[in-house]
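Peer 1: Using only what follows, build the 3D model:
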Amino acid sequence: MNKVDMNAFVSQNLFDKFPQRIECIEQWEYKGKKHLFVGTTEGHVLVYDIMEKENQHGNIQVSVQIRDTKLVSKKPITQMSIFDDYNKLLVLTDGDLKVYDLIQFDVTTGITLLKAKGCSTYAVSYQPGSLSLVAAVKKKLVLYGWDGSDFYEIKEFNMPDIAKHIDYRGNFIIVCFKKVYNIINTQDGSVINVDADKLTFTTFLQDNEFLMVKGTMSFFINTSGNPVRRHSITWQDSPSSMSIYQPFAISIEPRLVEVQILPDPNDPKTISQSMFLPACKSISSKNDIYVSSATSIWRLQPLPILELVDQMVSKQEYETAINLLQTSKEIIPGIKEKLIKIKTSAAYHLFSKEQFQTAMGYFISAQVDPLKIISLYPGLLPAHLQEKLSTPFNIRDIENNPKALPELEHYLVEFRKNKIEYSSPPELLNSGYTLQELVDTTLLKVYIKHKASLIPHFFHLKNHCHIEESERVLLEEKKLSELILFYKSKDLHRKALTLLAKSGGGGGGNNNNSNNNSNNNSNISPIDTISYLSQLGEKHISIILEHSKWVLQKCPEDALKIFTIDRKDPLSPDDVIPHLKQCAPSLLRPYLEHIINDPISPNRNPEFHNQLIFEYLGSILNLIEKLPSSSSSSSSSSSPRKPGLSVGLESGELGEIRTKIIVFLESSKYYLPEKMLSRFPSDDLYEERAILLSKIGRHEQALAIYAHKLKNYTMAEEYCDRHYNKDSEESRDVYLSLLNVYLKPTDPKTSPLLKPALDLLNKHYRSINTPKALSLLPLNTPIDQLYPFFESVIRDNTKTKRDNQIVKNLFKSENFKIKDELSQLKTGVIKITEDLTCPICNKIFLGTQAFVARPDGTALHYHHKNDKQHQSWFE
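Peer 2: This next block holds a predicted model:
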């Protein structure tokens, strides 16, 4: 274990030849004055006044003056304790524990603790507001509490042997025997027995930790009896007594007094001072520090803490210096600046010893300029900055050190997280870098070397990486996917997309670069470009159109996603449609379908609806051209298609598209059917043409197509079902129009359709004007075929007449009932007297004033009838 010498205390001899043999010493401070108590072998207690004076060097010189001498006993004063808060003195002599009042120090008035008769040693737990005492009496312990004026017995504990030494703190008593020690919990009485051969004594370090002294070693033990530190304190000789005077442990040894700084739990270093004060046996360190031998007394005066700190710094014991400053109770001017300076020195020292983790902790705590820390890794600096910056030392190949890089990463991440404001170092002036740019660029380099998997996450956060330098290192390391993410984080979308095109097979650069990249980025495909473009909005429309061309040509179906994916900032169809027409005409139809059928915000622009119909029509006509027709060569393997086929009879893709156009023509309200008619063939696609005719109200022409071209009477009737409206002048005679189409075809070569006409009359007679229908029938129509129609009409008219008569009679009955009620109301009598008042205004009725009689027999002034606020009375 390393040993470091220090000079923390100076000793001043107060007594060289004391008049009596000294057994113990204690100190008392009362009303700002200090006193020293000396217990002697002769049974006296001598009281001295302590005078302190500062000399010209700032050191305190102490002198003493006898104040009082008391003969307490004829036997030696074995132990002595003073309780400043209560001004009480506790003395152990000749096996008796006696308590004295120090204000009136009269030996005849001392109170003896009777239960402690035969006491061999005692211990006190004395903290502000709390005082307890434990006395070792043969093979038992007697526990006392303090009530503010006297000690009172609490309980007793039986012991297996006579106690050799005891110590007491809080709720725990440590009792030392010859080969074991016990830890007693005073709250619940539990006892922990621990073997410890050659045990000397114990002394509490803090509430739940004590030092166990065995020979020249002291071990850190908790109140459960377990070691709490991996190392111990080693003394030059075996201590006979010890006192804790934070942050020091002061040991009384046969030939000297040894002082050690209590070691840091993580640093087992021994930092000590030896003062050759021979044959010391007693120590008091309550306020000041006094040690005594049988004939001499010394005052140990601590040096200013800054002086000790400077000693530690000069010996490169930086951690100790920092701990001394942080735990000192002294008021030290400029302590913050001092700490920063020491932490900085400590950080550089530890870094040079390759203790990177601890060093970075100090760098962070001292808020050292990040540029100075980064310069410790010169290989991570840009080339022109490496020449400008010098470092106090160099560690070979530190940029690739697996222990050093993680600590630099931790430091840079903490710097970014805490957002500490640093002024830009002068070294960065005219360097092309800001401090934040240098930090983030260095962190990127660390990730490249140490944690490449974190680079994507880093680029998803806001970063200030230097563009040219980051681009350079990513290209050098062939991190093209990461470089693309970097470009994206900087809104350099054209660069990112150009690189994607080179790597994904879209060209965009010279062939050599493309070939080199393809070897290392085989996982980059056109899908990556599609995904990238899909994340850009309308403000980048020019970039989207420019860089979507090659993917539209290479994988058009996937590329359509660029224009159809949901965006916060959607692309304008006015930009997309011309682009698709030029680069991928086959995608225009699915794109139009997407924007028009969008469930959230469907596009209602008539131009786009017209365009979609034209796209459907163009696809249909192209497919029809490719199919063999009835006039084509009979050598064709497939059967020829006849023009004018119904949609339901079409097969394959042609049937699918015709179904789509039919649905769209029927459902859309935004296209212009007048423009459509001239584009549709007159000798084919009859269903589509019929829908267009119906949209402009030309029902007879539409029905003629269903009846004579398609010969589908069901579709004709369904058409009428959809359009019939008895309240609309245009649509109330739609069935009559169909009847007219059946019976009077425009083509003279076409025969009238009598049977469908009669079926229509029989089925929809209620929706057809009977006289008009009869006028359309041919004169030679057999009367027996009209019988079902007449029967239905007559029966329906008869039922209607009967229903009307019933309704008429019900109204008559209701009328008679109301007249009867009115007659009864008119026969009611209201007597107007001088006492009768109007319930609205509470005034009487005078003379011939007009009034209104209510059904309940009350009368109201007539002039209230025109007041809106009183209308409820007249309802």
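Peer 1: Helix, strand, or coil at Leu497?
Peer 2: The three-state label given to Leu497 by DSSP: H, G, I helix; E, B strand; the rest coil is helix.
Peer 1: Tell me if I'm right that it and Thr529 touch.
Peer 2: Yes. Taking contact to mean CB atoms under 8 Å, the distance of 6.4 Å between Leu497 and Thr529 places them in contact. Glycine gets a C-beta too; all of them are placed from N, C-alpha and C.
Peer 1: list residues touching both of the two?
Peer 2: Shared contacts of Leu497 and Thr529, defined by CB atoms under 8 Å, 6 or more residues apart in numbering, are found at His547.
Peer 1: In contact with Gly170, which residues?
Peer 2: Ser125, Gln127, Asp207, Asn208.
Peer 1: nope, Ser548 is what I meant
Peer 2: The contact partners of Ser548, by CB under 8 Å, 6+ apart, come to Thr529, Leu533, Ala559, Ile562, His579, Cys583.
Peer 1: from the contacts of Gly170, which is closest to Asp267?
Peer 2: Of all these, Asp267 sits closest to Asn208, with 21.4 Å by CB to CB.
Peer 1: Would you mind measuring from the closest one to Ile183?
Peer 2: With the distance defined as CB to CB, to the nearest Å, Asn208 ends up 11 Å from Ile183.
Peer 1: Give me the common contacts of those two.
Peer 2: When contacts are counted by CB under 8 Å, 6+ apart, Asn208 and Ile183 are jointly contacted by Phe172, Thr223.
Peer 1: quick one: which of those two has more around it?
Peer 2: When neighbours are counted by other CB atoms under 10 Å, Ile183 comes out ahead of the other of Asn208 and Ile183, with 20 against 15.
Peer 1: Report the beta-bridge partners for the more buried one.
Peer 2: Beta-bridge pairing for Ile183 (DSSP bridges): Ile174, Ile192.
Peer 1: For the protein, give me the ranges with low pLDDT.
Peer 2: With pLDDT under 70 as the threshold, the chain has low-confidence stretches at 1, 420-421, 505-522, 629-639, 825, 828.
Peer 1: want to throw the contacts of Gly170 into JSON lines with distance to Lys709 and secondary structure?
Peer 2: Converted to JSON lines, the contacts of Gly170 look like this (distance: CB to CB, whole Å; DSSP: H, G, I helix; E, B strand; the rest coil):
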{"residue": "Ser125", "distance to Lys709": "114", "secondary structure": "strand"}
{"residue": "Gln127", "distance to Lys709": "111", "secondary structure": "strand"}
{"residue": "Asp207", "distance to Lys709": "105", "secondary structure": "coil"}
{"residue": "Asn208", "distance to Lys709": "103", "secondary structure": "coil"}
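Peer 1: From the residues you listed, keep the buried residues only.
Peer 2: Using 16 or more other CB atoms under 10 Å as the burial test, the contacts of Gly170 include Ser125 as buried.
Peer 1: which one of the contacts of Gly170 is nearest Gln611?
Peer 2: Gln611 lies nearest to Asn208 out of the contacts of Gly170, by CB to CB, at 84.0 Å.
Peer 1: show me what contacts the closest one?
Peer 2: Applying CB under 8 Å, 6+ apart to Asn208 gives the contacts Gly170, Phe172, Asn222, Thr223.
Peer 1: Who are the packing partners of the longest helix along the chain?
Peer 2: If each helix of the chain is counted by residues according to DSSP state H, the longest one is helix 783-826. In this structure, helix 783-826 packs against helix 754-763, with contacts taken as 3 or more CB pairs under 8 Å, 6 or more residues apart in numbering; DSSP states H and E.
Peer 1: again, only this time at 10 Å
Peer 2: Applying 3 or more CB pairs under 10 Å, 6 or more residues apart in numbering; DSSP states H and E, we find helix 783-826 packed against helix 754-763, helix 770-776.
Peer 1: Run the chain-centre distance for the longest one.
Peer 2: The one in question is helix 754-763. The gap between the average C-alpha position of helix 754-763 and the chain average comes to 75 Å, counting by CA atoms, centre = their mean, to the nearest Å.
Peer 1: Contacts for it next, please.
Peer 2: Applying CB atoms under 10 Å, 6 or more residues apart in numbering, the set of residues contacting helix 754-763 from outside is 707, 711, 713-714, 716-717, 720, 735-736, 738-744, 753, 767-768, 770, 773-774, 776-778, 780-782, 785-793.
Peer 1: Can you say which of the residues you listed are buried?
Peer 2: Buried residues within the contacts of helix 754-763, defined by neighbour count using 16+ other CB under 10 Å: 707, 713, 716-717, 720, 735-736, 738-743, 753, 767-768, 773, 776-777, 786, 789, 793.
Peer 1: Helices of the stretch 251-400 of the chain, residue ranges please.
Peer 2: 305-314, 318-327, 335-352, 356-365, 370-374, 383-388 (DSSP state H, counting those that start in this stretch).
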